[in-house]
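Undergrad: Kindly return the folded structure for what I paste below:
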Amino acid sequence: MKVLPLHLAASQKKTQSLKTLLDSGANPELCDQLGRNTLHLVIANWPSVSSNWIGPHSKFRSIMAIMQQQAEDCLHVLCEHGVNLNARLQSHRQQSALHLAVAHQAPSAIAILASRGASINATDHFGMTPLHMAAGTLQTEITSCLIQQGADVNRVVRQSGNSALHLAVQAATKKFCKTQDTDLSCVEELLVGGASPNVKNAAGCTPLHEACLGGREEVVDRLLQHGADLNKRTHLGENCLFLFLTQTSNLKSTGLLGKLLGLTSPLSVVDAKGNLPHVLKLPRYTTQKDQLVRLAQQPRDLLGICKVHMHQHYNESSRTFLKDRLPEKLYNFVFQQWDCPLDVELNETHETEEFVPLDFAPPLPY
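TA: Predicted structure coming up:
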């Protein structure tokens, strides 16, 4: 298929050529064979270099900075000529320019598009907004940029009902994530930006349910600090402890297991139909099953009741107040000490089946 001069100018970031062609009447809405118009091509060819793999004063970074400025200039030219900022890709995903900006890690493009009137909460064919895409890939800078531009942090994906926080937690609990700091920074950005830690998806799962299922104690702690309710149940009557116990590898996380046992109230290890997690039905976990069932049947002691009460009624800011006034040993006992009463086989390795957010699919290579 013949390449239009306007598309060539957009792809190569030739600002003056782009302006001249538009002034001469070239139509920026015409699409190429992949369904991309002139605006999409500018975004799809956006220069992006991770700060992790080049130095701050390198010649390469300087060159990339010049290229990025050229891309921004092209974007401004298109906006000044009245291009449709909400035009969708003519492909099965039907993404907007903002979706493409997320896929190509272009925060400055997001800021320009949003300031010029692009719909920050536009959805693609699957009902995902740009924020859903950014959160699902733990892009903290992009997530922050979208929130600053007014993205709805509690909007959910059409079919699954997952919020951006659900998707970020699902991604952060996967074993192949980059670093713990990266995982938590994106989750934290959403929470500080107003994301509800207690919103339920179509299955009745909150972000905390997802974190417990993935067995990442750091993510669980961060959600609890922001007011997540540990005792909410899914539509099948599963609490956080139940979901944690459905993954064999989670049994090695004795710290998180002890915390869930200490804070779940009333203590229960069955769903709405009285079923135990399938892992506990395996012969090798008979001992743990018997211990858990016995523990759930016993009344909680007074110290345990007090700890649950303290956690339910004192948020993070209140705990800072208490930490300055309570003896260190008492504070640590109430908020940081969780003993696991089970005999867990720490030396046996059982891989967890990977779970992938159904809403999220990696962006296509444009």
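
Undergrad: burial count for residue 328?
TA: 8 (other CB atoms under 10 Å). (Glycine included, C-beta is placed from N, CA and C.)

Undergrad: Number the chain from 34, please
TA: OK, 34 is where the count begins now, so the last one is residue 361.

Undergrad: pLDDT score assigned to it?
TA: If you check residue 361, the pLDDT there is 87.

Undergrad: need the helices for the stretch 34-183 of the chain, in chain order.
TA: 38-44, 48-56, 71-77, 92-113, 130-136, 140-148, 163-169, 173-181 (DSSP state H, counting those that start in this stretch).

Undergrad: Where does the prediction get shaky in the stretch 34-183 of the chain?
TA: Within the stretch 34-183 of the chain, the stretches with pLDDT under 70 are 34, 82-90.

Undergrad: that older thread, of the helices of the stretch 34-183 of the chain, which is nearest residue 328?
TA: helix 163-169 (36.2 Å; CB to CB).

Undergrad: Which secondary structure elements does the closest one sit against?
TA: If contacts are counted by 3 or more CB pairs under 8 Å, 6 or more residues apart in numbering; DSSP states H and E, helix 163-169 sits against helix 130-136, helix 173-181, helix 197-205.

Undergrad: For the second one, give me every contacting residue.
TA: When you say that, I think you mean helix 173-181. Helix 173-181 is contacted from outside by 135, 138, 140, 143-144, 153, 163-164, 167-168, 186, 197, 201, 215, 218-219, 222-223, 226, using CB atoms under 8 Å, 6 or more residues apart in numbering.

Undergrad: Give me the angle between that helix and helix 197-205.
TA: In terms of direction (axes from the mean of the first three to the mean of the last three CA atoms, to 10 degrees), helix 173-181 departs from helix 197-205 by 180 degrees.

Undergrad: circling back: deepest of the helices of the stretch 34-183 of the chain, which one?
TA: Sort the helices of the stretch 34-183 of the chain by mean neighbour count, taking mean count of other CB atoms under 10 Å, and helix 163-169 sits at the top with a mean of 31.

Undergrad: Residue 99: which of the helices and strands packed on helix 163-169 is closest?
TA: Nearest of these (CB to CB): helix 130-136, 19.5 Å.

Undergrad: Quick one: list the elements packing against that closest one.
TA: Other helices and strands packing on helix 130-136, by 3+ CB pairs under 8 Å, 6+ apart, are helix 71-77, helix 140-148, helix 163-169.

Undergrad: next one: it to chain centre, how far?
TA: 16 Å (CA atoms, centre = their mean, to the nearest Å).

Undergrad: before we move on, what about stretch 94-111?
TA: Here stretch 94-111 is found 29 Å from its chain centre; the criterion is CA atoms, centre = their mean.

Undergrad: For residue 295, give me phi and psi.
TA: As for residue 295, its main-chain torsions (degrees, to the nearest 10) stand at phi -80, psi -30.
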